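Peer 1: Quick one: sequence plus predicted model below, questions after.
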Amino acid sequence: MSEIVIKDLYRDTKKYNNKEVILEGWVKTIRDSKTFGFIELNDGSFFKNVQVVITDKLENFEKVAKLSIYSCIKVIGKLIITENAKQPFEIQATNIEILSECDKDYPLQKKRHSFEYLRTIAHLRPRTNTFNAVFRIRSVTAFAIHEYFQNNGYVYVHTPIITCADCEGSAEMFKLTTMDLKKELPKDQDGKTDFSRDLFGKETYITGSGQLHGETFASAFGKIYTFGPTLRSENSNTKTHANEFWMIEPEISFCDLDELMDIEEDCLKYIVKKVMERCPEEIDFCDKFIEKGLKEKLNKLLNSEFVRIDHKDVIDILKKADKKWEFEPDYGEDLAKEHEKYITEYFNGPVFVKNWPKDIKSYYMKLNPDGKTVAAVDLEVPGAGEIMGGSQREEDYEKLLKVIKERKMDADQIYWYLDLRRYGSNIHSGFGLGFERLLMYITGIENIRDVIPYPRTPKNCDF
C-alpha cells in the first residue's frame, strides 16, 4: 500500500500542493467524455472521496474510462488545489494502473438502496456512504469509551463469555452444550437432562452480562469496566433489540447512587464530545441524510444539566398529563417508550429516573430504607429513551441472601458473588451502557440492525 492516504491529503492539503502523490483505492464513480474524465476515488482512510482527473494523454485512457464502479486502481498524479471548485483539490493523473476490475453485476450501483435491501448484502454495505459513516463512528466511539475509563483510572477486565452465573435471568440466556442434540440426551435420576456428563459437568450459559464477575474485580481494583459481546435469547423483534450486542459495564467501589449518576453523565458527555470532534464529516452526513437536527441534539446533550427524579414522581407527572396513553402509567410498573419520550420532552433534556419499585428490578440492587424501592437508575435521553441502566449494589450479605431466597434462586450457584459481602464488603455501584443503542443515538440510525456489522436477531443469522 502506498504511504500516502486520502485522509492525509484532506488534513494537510497545502503540504502536497503541486506535488506528485500515489494513491491506491476503489472507483466510486466515473464520468468521461472523448478526451477527459473524472474518477471519484476512495481508499477507506477518509469519509470523502478524492477527484482524479484523467485525460487521453494516459496510455490506457479508453480502458480506464470504461472501468466499472468499485474497480481497484493505483493512481500517480499531481495534487492541485482548486479553491473555487466544489472539491478543495484534485489529482491530475499521469499514470493509472488497473489492479482489478469489478464485475458488471456489482449490486451497489449509483442509486439509493433501502436499509432492508442493504441488510441482505451486509458484506458489501460498509462501502455505501451511510454505513461507511456509521461504522467509522462505531470505531471512534469504541476508542473514546476505552479512553474515558483508562484516563479515569479504571482497570479493563475481560469477563467470561461462558458462565454458570445467572445475572439477568436464565430464561433469556443461551444454553451451552457439547452433547449431540440429534441423539437421546442422558437423563439423571429425576428424568432431567444430566448435565454432569456435559463438557463442564454442569448446566452452562452464554453470558447475558459481565456484571457479577466485574464486581469481583472491583473489590480488588476499586474501579473496573468491561466492554464486550453480550448475548440474550429473548424473542424480541423490535428496532432496539438484538440477540448479540456489545455492552459497557463499569463497577465502582465506594460509590453510591448519586456518585454513579455523576459518572454516567460525565462518561456519556465525554464520548459524544470526542466523536463529534473526531468524525466531523461523518456527523455532518448523518445530520443531513439520517436525522435532521442531529448535531443540534448532540450539542444540546453536551450543554444539558441532567435532571434527577424518582420513579414515583415520574408516574405522578405522567398521570397528570393531558394525554391518552396506550399503556397506562403505574407506580409498580416499568416505563413504556411513550412514557420515556414524554418525560424527556417534559424536562426538555436527559432525565435520570431513580429509586425504582424493588419487584421489577434485579435481586442484586440496594434496598432503600423505605423497603419498597431499590437504588436503581435509568438514564432517558430525547429521541432514544433509555440508554443507560445502573444501580447501587446490595452490599449487605443477609439482605442479599434474603432476596435470593425470596426469588427462589440457587444461592449455591453464586456463592462466590455472595462471598464479596462477607470478605471486605463496601458500598459499590455500576451501570450498563448498550453500545449499539448509544450508536443509534449518536448517528440517528433508527434500527439496531444498522449499527451492527452482522446483526443477529430472531430468524436471522446470515453471513
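Peer 2: Perfect, I can see it now.
Peer 1: Relative to residue 409, how far out is residue 415?
Peer 2: According to CB to CB, to the nearest Å, residue 415 and residue 409 sit 12 Å apart. To be clear about C-beta, it is placed using only N, CA and C from the backbone, and glycine gets the same treatment.
Peer 1: Among the two, which residue is more densely surrounded?
Peer 2: Remark: of residue 415 and residue 409, residue 409 carries more neighbours, 15 against 9, as counted by other CB atoms under 10 Å.
Peer 1: helix or strand for that one, which one?
Peer 2: For residue 409, there is no enclosing helix or strand under DSSP states H and E.
Peer 1: again, but for residue 436
Peer 2: Residue 436 belongs to helix 435-443 when elements are defined using DSSP H and E.
Peer 1: residues in contact with that helix?
Peer 2: 133-134, 137-138, 141-142, 145, 227, 240, 242, 245-248, 268, 271-272, 275, 286, 290-291, 294, 298, 381, 383-384, 386-387, 445-448, 451-452 (CB atoms under 8 Å, 6 or more residues apart in numbering).
Peer 1: so is residue 76 in a helix, a strand, or just coil?
Peer 2: Classification of residue 76 using DSSP: H, G, I helix; E, B strand; the rest coil returns strand.
Peer 1: wouldn't it be in contact with residue 94 here?
Peer 2: Yes: contact status for residue 76 versus residue 94: in contact at 5.6 Å, counting by CB atoms under 8 Å.
Peer 1: Can you check which residues contact both of those two?
Peer 2: residue 20.
Peer 1: just how off-centre is stretch 419-436 within its chain?
Peer 2: Relative to its parent chain, stretch 419-436 has a centroid offset of 22 Å by CA atoms, centre = their mean, to the nearest Å.
Peer 1: buried set for it?
Peer 2: By neighbour count with 16 or more other CB atoms under 10 Å, stretch 419-436 contains the buried residues 420-421, 425, 427-436.
Peer 1: Please identify which pair of the residues you listed lies farthest apart.
Peer 2: Maximum pairwise distance in the buried residues of stretch 419-436, criterion CB to CB, is 34.0 Å, between 425 and 436.
Peer 1: do you know how far residue 73 is from residue 64?
Peer 2: The separation that residue 73 has from residue 64, given CB to CB, amounts to 8 Å.
Peer 1: overlap in contacts of the two?
Peer 2: Taking CB under 8 Å, 6+ apart as the contact rule, residue 73 and residue 64 both touch 39, 96, 98.
Peer 1: in which helix or strand would I find residue 356?
Peer 2: Using DSSP H and E, residue 356 sits within strand 351-357.
Peer 1: ok, residue 391 - how many residues close by?
Peer 2: Residue crowding around residue 391 was assessed by other CB under 10 Å; the count is 24.
Peer 1: For it, report the pLDDT, please.
Peer 2: You'll see residue 391 listed with a pLDDT of 98.
Peer 1: and what of residue 411?
Peer 2: With respect to pLDDT, residue 411 has a value of 90.
Peer 1: any idea how far residue 421 is from it?
Peer 2: Distance check for residue 411 against residue 421: by CB to CB, it reads 12 Å.
Peer 1: got a list of what residue 283 touches?
Peer 2: Applying CB under 8 Å, 6+ apart, we find residue 283 in contact with 137, 275-276, 294-295, 298.
Peer 1: hey, where'd the helices end up in the stretch 1-150 of the chain?
Peer 2: 6-11, 13-16, 61-65, 115-119, 129-151 (DSSP state H, counting those that start in this stretch).
Peer 1: Can you tell me which helices and strands whichever strand or helix holds residue 314 packs against?
Peer 2: Under the assignment given by DSSP H and E, the secondary-structure element containing residue 314 is helix 311-320. Other elements packing on helix 311-320 under the criterion 3 or more CB pairs under 8 Å, 6 or more residues apart in numbering; DSSP states H and E are helix 337-347, strand 351-357.
Peer 1: For it, the averaged confidence score.
Peer 2: Looking at helix 311-320 alone, the average pLDDT works out to 97.
Peer 1: Give the buried residues for that helix.
Peer 2: Of the residues in helix 311-320, those scored as buried under the neighbour-count criterion (16+ other CB under 10 Å) are 311, 314-315, 318.
Peer 1: which ones are touching the residue nearest to residue 223 when sequence neighbours are not counted?
Peer 2: Here the nearest residue to residue 223 in space, its sequence neighbours aside, is residue 154; by CB to CB, 6 or more residues apart in numbering that works out to 4.5 Å. Applying CB under 8 Å, 6+ apart, we find residue 154 in contact with 223-225, 250.
Peer 1: Can you say which two of the contacts of residue 283 are spatially most distant?
Peer 2: Using CB to CB, the contacts of residue 283 span at most 13.1 Å, a distance reached by 137 and 295.
Peer 1: Give me the more crowded residue out of the two.
Peer 2: The residue with the greater number of neighbours, taking residue 137 and residue 295 and applying other CB under 10 Å, is residue 137; the counts read 24 against 17.
Peer 1: right, and that one touches residue 275 too?
Peer 2: Yes: using CB under 8 Å, residue 137 and residue 275 qualify as a contacting pair, with a distance of 6.1 Å.
Peer 1: where are the low-confidence patches of the stretch 101-250 of the chain?
Peer 2: Scanning the stretch 101-250 of the chain for pLDDT under 70 picks out 166-171.
Peer 1: tell me the residue furthest from the middle of this structure?
Peer 2: In terms of distance from the mean C-alpha position of the chain, residue 57 ranks first, at 48.5 Å (CA atoms, centre = their mean).
Peer 1: any idea of the pLDDT on that residue?
Peer 2: According to the model's per-residue confidence, residue 57 sits at a pLDDT of 94.
Peer 1: ok, and the closest non-adjacent residue to residue 134?
Peer 2: If you skip the residues right next to it in sequence, residue 134 has residue 443 as its closest partner in space, 5.4 Å away by CB to CB, 6+ apart.
Peer 1: ok, the one you found - how many residues close by?
Peer 2: 27.
Peer 1: One more: residue 362?
Peer 2: Other residues within reach of residue 362 by the criterion other CB under 10 Å amount to 19.
Peer 1: that older thread, who's in contact with the very next helix or strand once past the strand holding residue 356?
Peer 2: Where DSSP H and E defines the elements, the next helix or strand beyond strand 351-357 is strand 373-381. With CB under 8 Å, 6+ apart as the test, strand 373-381 has contacts from 256-257, 260-261, 264-265, 268, 301, 306, 310-312, 335, 340, 343-344, 350-358, 361, 365-368, 386-392, 429, 431, 441.
Peer 1: could you give the mean pLDDT of strand 373-381?
Peer 2: For strand 373-381, mean pLDDT is 96.
Peer 1: Equivalent analysis for stretch 262-280, please.
Peer 2: Confidence for stretch 262-280, expressed as mean pLDDT, is 98.
Peer 1: how about that stretch: buried residues?
Peer 2: By 16+ other CB under 10 Å, the buried positions in stretch 262-280 come out as 263-265, 267-272, 274-276, 278-279.
Peer 1: Check stretch 227-237 too.
Peer 2: Judged by neighbour count using 16+ other CB under 10 Å, the buried positions of stretch 227-237 are 227-228, 230-233.
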